[in-house]
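K.L.:
Have a look; sequence and predicted model below, questions after that.
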Amino acid sequence: MNTSRELLARLVAFDTTSRLSNLALIDFVRDYLDSFGVACELIYNEQKTKANLFATLGPAEVPGIVLSGHTDVVPVDGQAWTFPPFTLSEDDGKLYGRGTADMKGYIACVLALIPALAKASLRMPVHIALSYDEEVGCLGVRSLLETLRSRPVKPLLCVIGEPTELKPVLGHKGKVAVRCEIHGAACHSAHAPSGVNAIEYAARLICELGRLGEALKTDDAQDVRFDPPFSTVQTGVINGGTALNIVPAHCHFDFEVRSLPTLDPHQIVTALHTYARHNLLPAMRAVSGQSDIRFTELSSYPALDTSLHSQAAEWIAQFCGSRAFNTVAFGTEGGLFDQSGIPAVICGPGSMAQGHKPDEFISVEQLEKCDDMLKQVLAFVCR
């Protein structure tokens with residue numbers, strides 16, 4: 001049970017949707033590592049229902065390489081799957097199952113490398129880092145990075161195996177997600193001016209977000225490495241009101257900013273705060289003093305912008321045999337690793353074009369090519 005395909009079958013069988021525990025998968029990996037004499041440490045969440053895993057092979061007293069992946073997957077609810085999502089199925093050279101591409105395929109290849117790593121004479125360590133709750137805001141990895149921050153030796157490089165078809169990726173956008181809650185005042189709709197319509201004020205805030213988003217499209221704010229080449233703002237959820245003949249007292253909406261590395265996405269949130277405070281709240285409170293607009297951050301992660309001329313870029317080019325450096329539209333834990341002083345790159349098997357969809361798959365060819373890439377990592381760390 002040491003091939004990447006066999007290990008992927010085991011990993012896919014664990015339903016690690018973010019709302020559920022990942023401990024069964026983590027226990028499996030811990031036992032698997034233990035069978036090769038590799039100790040690991042678990043960093044739990046407060047409820048002890050989820051855990052990060054960190055393991056080291058080789059001399060821990062010198063800087064080494066981190067192979068990192070997240071264990072959680074997105075839900076399958078409401079999706080029409082042809083194949084059972086939590087059973088690995090093969091058809092026409094493709095391996096189907098939730099998480100095959102995003103990103104248990106990479107984790108399976110990393111685990112398949114363990115027997116060779118355990119036997120090798122290593123000049124630098126290889127660290128295995130598995131996290132939880134990446135899909136809901138890169139939450140779990142933060143406690144793992146906090147643990148590593150206190151250690152005297154920092155890794156040279158982190159290779160995060162998100163699906164890039166094994167192309168070297170050096171950058172992605174940052175993100176902040178925010179909930180805006182509008183508290184107005186209800187009354188009969190026949191006397192609408194006597195109330196404070198929370199939905200209408202939410203609409204004005206959303207229109208302001210649209211204006212702020214348009215301003216980010218100017219030519220001087222663009223970066224052609226990204227698609228789209230500018231920072232974006234979008235409102236994804238809105239809820240409010242109870243009946244048409246009642247002026248709604250409450251409304252909330254969720255919005256996100258996905259920002260180029262040159263923009264702090266919190267600047268957009270601050271601009272909306274300012275607009276609410278100066279342009280809306282005075283009129284709202286002139287009708288009802290209890291009116292309010294509140295903002296709550298739901299999640300955030302920093303952008304990643306590893307230099308083309310960095311040692312990290314040279315190493316990943318060596319491992320995957322390509323200097324066709326690129327960026328991706330989706331976010332990863334890479335910015336958090338980089339922020340912690342661990343240079344990060346993104347390179348893994350499969351394509352995000354298959355991620356988060358029904359009948360998610362990874363090709364057998366991509367899995368085999370990832371095995372080959374990791375053999376290059378092994379050659380690099382050996383004496």
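P.N.:
On my side now, so go ahead. None of these values were measured; they are calculated from a predicted model.
K.L.:
pretty sure residue 128 is touching residue 33, no?
P.N.:
Yes. The pair residue 128 / residue 33 is scored as a contact, 7.5 Å apart, by C-beta atoms under 8 Å. C-beta: built from backbone N, CA, C; applies to glycine.
K.L.:
Need the residues touching each of these two.
P.N.:
40, 55, 114 (C-beta atoms under 8 Å, 6 or more residues apart in numbering).
K.L.:
what about the residue nearest to the first one when sequence neighbours are not counted, how many neighbours?
P.N.:
Translated: residue 40. The shortest distance from residue 40 to any non-neighbouring residue, by C-beta to C-beta, 6 or more residues apart in numbering, is to residue 55 (3.6 Å). Look at residue 55: counted by other C-beta atoms under 10 Å, it has 21 neighbours.
K.L.:
Residue 55 touches residue 33, doesn't it?
P.N.:
Yes. Using C-beta under 8 Å, residue 55 is in contact with residue 33, at 5.5 Å.
K.L.:
Narrow the shared contacts of residue 128 and residue 33 to those in helices?
P.N.:
Of those, the ones assigned to helices by DSSP state H are residue 114.
K.L.:
Among the shared contacts of residue 128 and residue 33, pick out the one closest to residue 228, please.
P.N.:
The closest of the shared contacts of residue 128 and residue 33 to residue 228 turns out to be residue 55 (C-beta to C-beta; 38.6 Å).
K.L.:
and that closest one, how far is that from residue 237?
P.N.:
For residue 55, the distance to residue 237 (C-beta to C-beta, to the nearest Å) stands at 38 Å.
K.L.:
Please apply the same query to residue 66.
P.N.:
Residue 66 is 35 Å from residue 237, by C-beta to C-beta.
K.L.:
Contact partners for residue 358?
P.N.:
Contacts of residue 358 by C-beta under 8 Å, 6+ apart are 76, 79-82, 85.
K.L.:
switch to 6 Å and redo it
P.N.:
Shown in contact with residue 358 (C-beta atoms under 6 Å, 6 or more residues apart in numbering): 79-81.
K.L.:
Could you dump those into JSON lines with pLDDT added?
P.N.:
As requested, the contacts of residue 358 are exported to JSON lines (pLDDT from 0 to 100):
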{"residue": "79", "pLDDT": "97"}
{"residue": "80", "pLDDT": "97"}
{"residue": "81", "pLDDT": "98"}
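K.L.:
From these, pick the one nearest residue 254.
P.N.:
The closest of those, once distances to residue 254 are taken by C-beta to C-beta, is residue 79, at 21.7 Å.
K.L.:
Ramachandran angles for the closest residue to that closest one other than its chain neighbours?
P.N.:
Nearest residue to residue 79, sequence neighbours excluded (C-beta to C-beta, 6+ apart): residue 358, at 3.9 Å. Main-chain torsions, residue 358, degrees, to the nearest 10: phi -60, psi 150.
K.L.:
For the contacts of residue 358, pick the one with the most neighbours.
P.N.:
residue 81 (16 neighbours).
K.L.:
Need the three-state assignment for it.
P.N.:
Classification of residue 81 by DSSP: H, G, I helix; E, B strand; the rest coil places it in coil.
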